[in-house]
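Undergrad: would you be able to build a 3D model of this:
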Amino acid sequence: MKKYQDKNMFIATAGGDVEHTYSLHGKDSLIEKAVNYARLKIYKMLSKTINLNKLESIVDIGATADKLKNSSNFFEKLYPFPERITALSNQEASWLEKEYKGLKFVYGTALDMPFSDNSFDLVFSSAVIEHVGSINNQSKFIAECCRVSKKYVFITTPNRHYPIELHTALPLIHWLPKKIHRKILKIIGKDFFAIEENLNLLTKKEIRNLCKQNGIEKLKILTINFLGFPSNLLLVIEK
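TA: Predicted coordinates:
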C-alpha cells in the first residue's frame, strides 16, 4: 500500500487504484462543513428515491479509514440497520465492524469486487468513481456495480460543472480541458490531483455515455444543489 501525505490530506492506495481520497481541508473547515451538508442531502435524496427499509443487503463501495471527518462513511452513520451493510474498501477500515454492530468489512477494489453476481439489493457508492482512473476504468466501475447488484445501484460523484472543485478548493480551472487543468495543478503544486488515476471528474453527459456503453437503459441522474448550483450528480440504476 502506498501512502501520500500533505498537511491535512492523507490518501491511501492499493493495487494501483484510488478508492477514496481526502481533500485538502481539515475536519473543522468550512469546506468540510459544506461536504457534510451535501452528503446529508444525498442521503435524504437516496431515502426518497429507494425504500431503504425494505432492503435486506447493501454494499458500500469505497468506505474510508478516516475517523475524524463527520462526512466520512456517512451512510454507515445514518442508516439504522448496520447488520445489513457490507463495507468494501482498499483501505484498512475493519474498525467499522466494531463501530457498527453487525456490519461486515471486506478488503478489495471497486474494479474487481470479491462478490458474486446479484449479491446485494443495493450497491451504494459515494465519491469513488472520480478516483478510479481513466474513462475506461469508470465504465468498468459502473459495470461491476451493476454486476453485484440485485435491484439498485446508487452512485454519487461531484459535478464537474460546479464552479468550485472541492478536492482542491479551486474555482473554475477544472472547467478547462482536462490536460490543461492537470498541467495547472502540477504548476501550483497539487501534483497528486493532477494525475488521472487520482482525480477524473465527470459531467452528467459523460455519466450517461458510460451507462450507454454498458447497455444500461433504466437509469436517472439526479442532482443536489449547493449555493444555487448542482454540486453533486446522483446516478440511480434500477435492474
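
Undergrad: distance of the most far-flung residue of the chain relative to its centre from H181?
TA: What lies farthest from the middle of the chain is I187; by CA atoms, centre = their mean that is 26.7 Å. Distance, I187 to H181, using CB to CB, to the nearest Å: 11 Å. C-beta coordinates here come from the backbone N, C-alpha and C atoms, glycine included.

Undergrad: what do you get for D112?
TA: 29 Å.

Undergrad: please enumerate the strands of the protein.
TA: With strands called from DSSP state E, the chain shows them at 2-6, 9-13, 58-61, 85-89, 104-107, 120-126, 149-158, 164-165, 170-171, 219-226, 229-238.

Undergrad: mind listing what the residue nearest the centre of the chain touches?
TA: Centroid check for the chain by CA atoms, centre = their mean gives A127 as the closest residue, at 1.9 Å. Counting by CB atoms under 8 Å, 6 or more residues apart in numbering, A127 makes contact with H20, G62, T156, T157, P158.

Undergrad: where are the low-confidence patches of the protein?
TA: For the chain, residues meeting the criterion pLDDT under 70 lie at 1-28.

Undergrad: what ranges do the helices span in it?
TA: 30-49, 74-78, 96-99, 135-148, 178-187, 204-213 (DSSP state H).

Undergrad: which parts of the longest one are buried?
TA: Right, the one you point to is helix 30-49. Within helix 30-49, the residues that count as buried by 16 or more other CB atoms under 10 Å are 31-32, 34-36, 38-43, 45-46.

Undergrad: same thing with stretch 198-215?
TA: Applying a neighbour-count criterion of 16+ other CB under 10 Å, one finds N198, L199, N200, L201, L202, E206, I207, L210, C211, N214 buried in stretch 198-215.

Undergrad: can you give me the end-to-end span of that stretch?
TA: The first and final residues of stretch 198-215 sit 26 Å from each other (CA to CA, to the nearest Å).

Undergrad: contacts for that stretch, please.
TA: Contacts for stretch 198-215 (CB under 8 Å, 6+ apart): 11, 18, 21, 129-135, 138-139, 142-143, 146, 157-161, 165, 167, 174, 178, 192-193, 219, 221, 223, 233, 235, 237.

Undergrad: list buried residues within these.
TA: Neighbour-count burial (16+ other CB under 10 Å) applied to these gives 11, 18, 21, 129-133, 138-139, 142-143, 146, 157-161, 165, 167, 174, 192-193, 219, 233, 235, 237.
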